[in-house]
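*Asks:* Kindly return the folded structure for what I paste below:
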Amino acid sequence: MSRPAIVRAAAVQIAPDFERPDGTLDRVCTAIDEAADRGARLVVFPETFVPYYPYFSFVLPPCKQGPEHLRLYEQAVVVPGPVTQAVAERARTRGIVVLLGVNERDHGSLYNTQLLFDADGTLKLKRRKITPTYHERMVWGQGDASGLKVVDSAVGRVGALACWEHYNPLARYALMAQHEEIHCAQFPGSLVGQIFADQMGVTIRHHALEAGCFVVNATGWLSDAQVQAVTPDAGLQQALRGGCHTAIVSPEGKYLAEPLTEGEGMVVADLDMALITKRKRMMDSVGHYARPELLSLAINERPAQPLFEMPAAPTAMSLNQELPA
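*Replies:* Residues are numbered from 1 along each chain as shown. Presented below is the predicted three-dimensional model:
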């Protein structure tokens, strides 16, 4: 697969549609078109953007979350299904790689899932957040390491993590060891306040430096009316403001465009892929700067399944057949 020397990437800061079940998907397709019209070959959306991030879980006590949790179940994404079909078709039509965060429904459980569609519409990666954070554990199940993969795509080798997975250094190293070139990061946005945005900036720049890769980070956004819809409590509403830092970072840790911290919009930048070698010539943390004989990572890539078949027990006849004559 030929690799482009320059990749134009777009990170989308965008609000969901709380009113219409298909409204957020419509917003995704419109943003894909806008990114493609601006020449982007990769577009990244916020964490669990479809149908929306479960902000209710941050401000409601568990005993009052039932109705909102059930509503999220009803609107969650089945993979594969109509949502993935629509996004795959739009990616193929516009020739663009899409990283989308969804609330995935798998029978009786919900998961924080990242989906990577290649420019031909192929779903190249489906992975689940390995450990939901704090309040999120009331909403989502846990993922496994089967999705900690870096995949080849039309724009290079791409990996992804969601939110505080970036504070799990072994998860990041698993992607680094697979020679990630472009890292797609997702955070919810409109959460916690300015400190969340400040921490996010440090986090994504550090990963870019340590991995020697580009980082394309997208966060969500809530309007004032949406914040009020999540909770009428003025005090709790403060917990649903700030925390936005949509940005694109080079392997040298530099912002390639001004980060977006307020309102909706799109950060677009050109990724000069030669900067990866420029960085790794000096510091390749999984190559000449690594010491695998001293420090290495073991990973269990087997999917976590509640049921699997054990090998059939040997019969007396089969045992007799294996005995030497």
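*Asks:* Strands along the stretch 101-250 of the chain, start to end?
*Replies:* For the stretch 101-250 of the chain, applying DSSP state E, counting those that start in this stretch gives strands covering 109-117, 123-128, 151-153, 156-162, 182-187, 214-219, 247-249.
*Asks:* tell me the contacts of Glu258?
*Replies:* Counting by C-beta atoms under 8 Å, 6 or more residues apart in numbering, Glu258 makes contact with Val267. Every C-beta, even on glycine, is put in place using the N, C-alpha and C of the backbone.
*Asks:* Then Ser223?
*Replies:* Ala15.
*Asks:* related to what we said a few turns ago, among the strands of the stretch 101-250 of the chain, show me which one is buried the most.
*Replies:* strand 214-219 (a mean of 30; mean count of other C-beta atoms under 10 Å).
*Asks:* what packs against it?
*Replies:* strand 6-13, strand 42-44, strand 182-187, helix 194-211, strand 247-249 (3 or more C-beta pairs under 8 Å, 6 or more residues apart in numbering; DSSP states H and E).
*Asks:* Include distance to Val83 and mean pLDDT when you put these into CSV, please.
*Replies:* Formatted as CSV, the helices and strands packed on strand 214-219 follow (distance: least, C-beta to C-beta, whole Å; pLDDT from 0 to 100):
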stretch, distance to Val83, mean pLDDT
strand 6-13, 17, 98
strand 42-44, 16, 98
strand 182-187, 16, 98
helix 194-211, 27, 97
strand 247-249, 26, 98
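*Asks:* On the strand side of things, show who Val151 bridges to.
*Replies:* In this entry, Val151 is beta-bridged to Val158, by DSSP bridges.
*Asks:* returning to that earlier point: can I get the strands of the stretch 101-250 of the chain in JSON lines with distance to Leu307?
*Replies:* Below are those laid out as JSON lines (distance: least, C-beta to C-beta, whole Å):
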{"stretch": "strand 109-117", "distance to Leu307": "15"}
{"stretch": "strand 123-128", "distance to Leu307": "18"}
{"stretch": "strand 151-153", "distance to Leu307": "27"}
{"stretch": "strand 156-162", "distance to Leu307": "27"}
{"stretch": "strand 182-187", "distance to Leu307": "31"}
{"stretch": "strand 214-219", "distance to Leu307": "36"}
{"stretch": "strand 247-249", "distance to Leu307": "42"}
